[in-house]
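K.L.:
got a predicted model here, sequence first, then my questions.
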Amino acid sequence: MWEFVINLLEVAILFLLFNNKLEKKELSYSYPLQILCLFSQAVLLLILKKFSCSTIFILLFFIGIHFIYGFLFFENKPITLLFWSVLYAIGTILADAVTTIVPTAFLDIDLSALLPNGMLRIPFTLIYISILFLFTLILLCINNQTFRLPFREKLAFILLSLLCIAILQAILIRQLTGYAPDQGNNNRFLSVIFFLVLFLFFAFVLYVYTLGTTQEQNQRLSEENIIQQMELKQYEQVVSSVEELRSVKHDMQNHMTVISAMLHEKQYEKACSYIDTYADKLNQTHRIISSGNIPIDCIVTNKLSYAHAQHIKTTHSIFLPKDILIDDIQLCTLIGNLFDNAIEACMKIKEPDKRYIDFQIKPFNCMMSIYMENSCIGDYVIDKNGKLKTSKQTNIINHGIGLKRIKEIVERANGFVTLNPSNDKFEVIIQLPTEEH
């Protein structure tokens, strides 16, 4: 009965560690299900010990069980789940070593007194739980940071961790089973070596964690740099549109002079023909939007012109609400990313006549609704939660960052975004609050 109580305390400490260091999934009755799962682990551990299974097997087996437990109830990446499972295993090895090697090698306590049904079993198992709990409290002080590792480094970390844990547990068993009272100095020396190796392994795991968090930060900085480059490109496109509008204005003055001269000469048919020719040319080369918001007009005009140049059929409808809460820079970035993703998806379609983009902005229920629909080839990755991640094919980094940027801007503006991917089209529906909302 006492051994089962200790098992329950062990899984309770694991519950404390995982629920404080990992991101919980949104599951109904999550805590009761976790408790049931951990209770089952405690029962399983008791059964394995009752059948005298190898302690190395038990330790490695339960690292896998803890990983599965984390996978079922938490959203973190597999490498993160394994990292905390390994750290918990290190804590159990440390607590086990302190309550077995130290008493036998340094205090000359007989090992049989520490084993189940031994005279000192209860106090030393309480010390074991206390050490494991203190070690867990130290782990809770580590900052929660996302970390990533390349595949080879992940594989190396997994193999080295399992190998080191197996070796440490084997040394621990050898120390206890091969203990000789007449070789006290040698036993103490080997015990010190064991704790030194354990410390080095712990330092190695923390180093891997630091390395992973650094790589994650570098990746985030790289994404931010790409976002800045994308937004700078959009700004340059707006400036280009303004220059183009100035050129149109200058050309308009020249054309009006020519038309005026024709009218004064009463060359009405020639003037009408000139106007028709100029109007057709203007529609082909300058798809100018006029919604009353100059930055939005510029970015939409530029994107529509670029889409037209790529043989993409476009339709648009823009009716801006009066009181928009989101600032023009964020809104232009949002619209620019929507168009970039839509144009990129259309360009993957080999048949130009199947490429289309439909863009709409309009008031809807005291909110501003932004709707983007484009044709696609359905090459999207859906994650395990049914959420869209990004495109499978080329330019996957920029496409993923663009989608991430859209979500960030909408969430910052207290809005909502809905993504509807299908085999032949992709819809984005965004709702942003206005002052009336």
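P.N.:
Perfect, I can see it now. Model, not experiment: these values are computed from the prediction. Residues are numbered from 1 along each chain as shown.
K.L.:
next one: residue 209 relative to residue 85, how far apart?
P.N.:
Using C-beta to C-beta, to the nearest Å, residue 209 is found at 13 Å from residue 85. Any C-beta I mention is one placed from the backbone N, CA and C, and that applies to glycine too.
K.L.:
tell me which of the two has more neighbours.
P.N.:
Between residue 209 and residue 85, counting by other C-beta atoms under 10 Å, residue 85 is the more crowded of the two (23 against 20).
K.L.:
what's near enough to touch that one?
P.N.:
Residues counted as contacts of residue 85 (C-beta atoms under 8 Å, 6 or more residues apart in numbering) are 63, 66-67, 70.
K.L.:
the nearest residue to it once chain neighbours are set aside: helix or strand, and which one exactly?
P.N.:
Distances taken as C-beta to C-beta, 6 or more residues apart in numbering put residue 66 closest to residue 85, at 4.3 Å, once the chain neighbours are dropped. Secondary-structure element containing residue 66, defined by DSSP states H and E: helix 55-73.
K.L.:
thinking again about what came up before, can you add pLDDT, neighbour count and distance to residue 20 and give the contacts of residue 85 back as TSV?
P.N.:
What follows is the contacts of residue 85, written out as TSV (pLDDT from 0 to 100; neighbours: other C-beta atoms under 10 Å; distance: C-beta to C-beta, whole Å):
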residue	pLDDT	neighbour count	distance to residue 20
63	94	19	19
66	95	23	15
67	95	16	17
70	94	22	13
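K.L.:
now the helices for this structure?
P.N.:
Listed in chain order, the helices of the chain (DSSP state H) span 2-21, 30-50, 55-73, 78-98, 101, 121-140, 151-177, 184-264, 268-285, 294-309, 328-347, 396-412.
K.L.:
which residues does the fifth one contact?
P.N.:
So that's helix 101. Applying C-beta under 8 Å, 6+ apart, the contact partners of helix 101 are 172, 175-176, 191, 194-195.
K.L.:
ok, residue 22 to residue 220 distance?
P.N.:
Residue 22 is 20 Å from residue 220, by C-beta to C-beta.
K.L.:
typed the wrong thing, it's residue 88
P.N.:
Counting by C-beta to C-beta, the separation of residue 88 from residue 220 is 28 Å.
K.L.:
number of residues surrounding residue 361?
P.N.:
As a burial measure, the neighbour count of residue 361 was computed by other C-beta under 10 Å and equals 25.
K.L.:
before we move on, back to that, enumerate every residue touching the residue nearest to residue 85.
P.N.:
Residues touching residue 66, when contacts are defined by C-beta under 8 Å, 6+ apart, comprise 14, 18, 85, 88-89.
K.L.:
repeat the analysis, applying 10 Å as the threshold.
P.N.:
11, 14, 17-18, 38, 41, 81-82, 84-86, 88-89 (C-beta atoms under 10 Å, 6 or more residues apart in numbering).
K.L.:
got a markdown table for those residues, with distance to residue 254 too?
P.N.:
Conversion of these to a markdown table gives the following (distance: C-beta to C-beta, whole Å):
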| residue | distance to residue 254 |
| --- | --- |
| 11 | 83 |
| 14 | 79 |
| 17 | 76 |
| 18 | 73 |
| 38 | 81 |
| 41 | 83 |
| 81 | 69 |
| 82 | 71 |
| 84 | 72 |
| 85 | 75 |
| 86 | 75 |
| 88 | 78 |
| 89 | 80 |
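K.L.:
closest one of these to residue 142?
P.N.:
Looking at these and their distance to residue 142, the nearest is residue 84, at 9.7 Å (C-beta to C-beta).
K.L.:
what sits closest to that closest one if chain neighbours are left out?
P.N.:
In space, residue 84 comes closest to residue 21 once its chain neighbours are excluded; the distance is 5.7 Å by C-beta to C-beta, 6+ apart.
K.L.:
against residue 372, how distant is residue 419?
P.N.:
10 Å.
K.L.:
actually residue 18, not the one I typed
P.N.:
Between residue 18 and residue 372 the distance, using C-beta to C-beta, works out to 40 Å.
K.L.:
show me which residues of stretch 112-132 are buried.
P.N.:
Counting neighbours by 16 or more other C-beta atoms under 10 Å, one finds that the buried residues in stretch 112-132 are 114, 120-121, 124-125, 127-129, 131-132.
K.L.:
end to end on it, go ahead and measure it.
P.N.:
For stretch 112-132, the first and last residues are 22 Å from each other (C-alpha to C-alpha, to the nearest Å).
K.L.:
who's in contact with it?
P.N.:
When contacts are taken as C-beta under 10 Å, 6+ apart, the neighbours of stretch 112-132 outside the stretch itself are 2-3, 5-6, 9-10, 12-14, 17, 49-50, 88, 91-100, 102-104, 109-111, 176.
K.L.:
pLDDT on it, on average?
P.N.:
Here the mean pLDDT over stretch 112-132 is 89, rounded to a whole number.
K.L.:
for residue 430, which non-adjacent residue is spatially closest?
P.N.:
With sequence-adjacent residues excluded and distances taken as C-beta to C-beta, 6+ apart, residue 430 is closest to residue 370, at 4.1 Å.
K.L.:
beta partners for the one you found?
P.N.:
For residue 370, the beta-bridge partners are residue 361, residue 430 (DSSP bridges).
K.L.:
sketch out the low-pLDDT regions of the stretch 101-250 of the chain for me.
P.N.:
With pLDDT under 70 as the threshold, the stretch 101-250 of the chain has low-confidence stretches at 178-184, 227, 230-231, 234-235, 237-250.
K.L.:
picking up where we left off before, so what sits against both of residue 419 and residue 372?
P.N.:
With contacts taken as C-beta under 10 Å, 6+ apart, residue 419 and residue 372 have 406, 426-430 as neighbours in common.
K.L.:
by pLDDT, give me the weakest of these.
P.N.:
Between the shared contacts of residue 419 and residue 372, the one the model trusts least by pLDDT is residue 406, at 87.
K.L.:
measure how buried it is and give me the count.
P.N.:
Applying other C-beta under 10 Å, I find that residue 406 has 24 neighbouring residues.
K.L.:
from residue 224, how far off is the closest residue to it other than its chain neighbours?
P.N.:
With C-beta to C-beta, 6+ apart as the measure, residue 337 is the residue that lies nearest to residue 406, at 5.1 Å, once sequence neighbours are left out. In this view, residue 337 and residue 224 are 14 Å apart by C-beta to C-beta.
K.L.:
compare the two (neighbour count), which wins?
P.N.:
For residue 337 against residue 224, the residue with the higher neighbour count under other C-beta under 10 Å is residue 337, and the figures read 26 against 12.
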